[in-house]
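Enquirer: Give me coordinates for this.
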Amino acid sequence: MELGQVVRRRKMVRAFQDRPIAPEVVERILESGRRAPSAGFSQGFAFLVLNGPERTGEFWRAVAGDDDWPHEGLRRAPLIVVPLASRQVYLDRYAEPDKGWTDRDESHWPVPYWIVDTAFAAMLMLLAAVDEGLGALFFGLAPANPSALHDAFGVPPEYEAIGAIALGHPAPDPIVSSARTRPRKPFDEVVHSGHW
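Expert: Below is the predicted model:
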């Protein structure tokens with residue numbers, strides 16, 4: 001599929017069929033994420049990959065507990081990828097001789113690039129899913145117990161989840177998304193050429 005087609009077809013899918021994803025497809029999606037740009041080629045992101053109902057069930061128990069969120073259509077996603085960012089990897093990388101910030105002071109960073117770069121990786125995985133004929137949803141995590149994900153899956157404390165991606169074969173979505181009820185902003189409201 002051409003990149004333009006992938007970009008136009010990308011949307012957040014909130015309901016999935018109960019069908020596994022071929023292992024080679026999963027690997028290609030993860031490889032796409034791994035190729036994301038990163039400041040100083042720090043590569044301070046990692047992906048927690050939870051494949052199959054047993055692992056995804058553990059994920060939902062850790063992040064949702066006994067809550068009725070999310071609905072069953074989302075819980076059927078056969079694959080969850082949690083993109084994680086490490087601030088420390090970036091602070092250490094930029095204290096190396098070729099970068100020269102020996103103090104590891106976070107104030108050097110006008111924007112937390114560990115989050116930006118991990119978000120780039122997440123977007124590449126969303127686009128790769130479309131290219132593979134799958135659906136995907138990036139969603140935020142707000143567990144009642146913030147350490148539950150780390151505890152359940154042994155995630156090192158220096159890594160922070162920026163959200164999660166559900167992937168699978170799309171099913172009819174029972175929820176009307178905002179993209180169906182709100183128009184996309186016109187080009188001229190988003191693009192300000194030369195001056196606002």
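
Enquirer: and the gap between the residue nearest to M1 when sequence neighbours are not counted and E160?
Expert: Leaving aside its sequence neighbours, M1 sits nearest to D131 (C-beta to C-beta, 6 or more residues apart in numbering; 5.3 Å). Quick note: C-beta positions are derived from backbone N, CA and C, even for glycine. According to C-beta to C-beta, to the nearest Å, D131 and E160 sit 28 Å apart.

Enquirer: Show me what the helix or strand of the chain with the lowest mean pLDDT is packed against.
Expert: Within the chain, no helix or strand scores below helix 178-181, which has a mean of 74 by mean pLDDT, DSSP states H and E. In this structure, helix 178-181 makes packing contacts with no helix or strand, judged by 3 or more C-beta pairs under 8 Å, 6 or more residues apart in numbering; DSSP states H and E.

Enquirer: Beyond it, next helix or strand please.
Expert: Per DSSP states H and E, the first helix or strand lying C-terminal to helix 178-181 is helix 187-190.

Enquirer: got the CA coordinates for that following helix in CSV?
Expert: Provided in CSV are the C-alpha atoms of helix 187-190 (Å, rounded to 0.1, in the frame of the first residue of the first chain):
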residue,chain,number,x,y,z
PHE,A,187,-6.5,22.9,6.1
ASP,A,188,-6.3,26.7,6.6
GLU,A,189,-7.2,26.4,10.3
VAL,A,190,-4.3,24.0,10.9
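
Enquirer: A128 belongs to a strand?
Expert: No. Under DSSP: H, G, I helix; E, B strand; the rest coil, A128 sits outside any strand and is assigned helix.

Enquirer: Check the secondary structure at the nearest residue to it once chain neighbours are set aside for me.
Expert: Nearest residue to A128, sequence neighbours excluded (C-beta to C-beta, 6+ apart): S32, at 3.7 Å. S32 falls in the helix class when you classify it by three-state DSSP.

Enquirer: ok, S32 - contacts?
Expert: L124, M125, L127, A128 (C-beta atoms under 8 Å, 6 or more residues apart in numbering).

Enquirer: Give me the distance between it and V7.
Expert: On the measure of C-beta to C-beta, S32 and V7 end up 14 Å apart.

Enquirer: Then P146?
Expert: P146 is 34 Å from V7, where distance means C-beta to C-beta.
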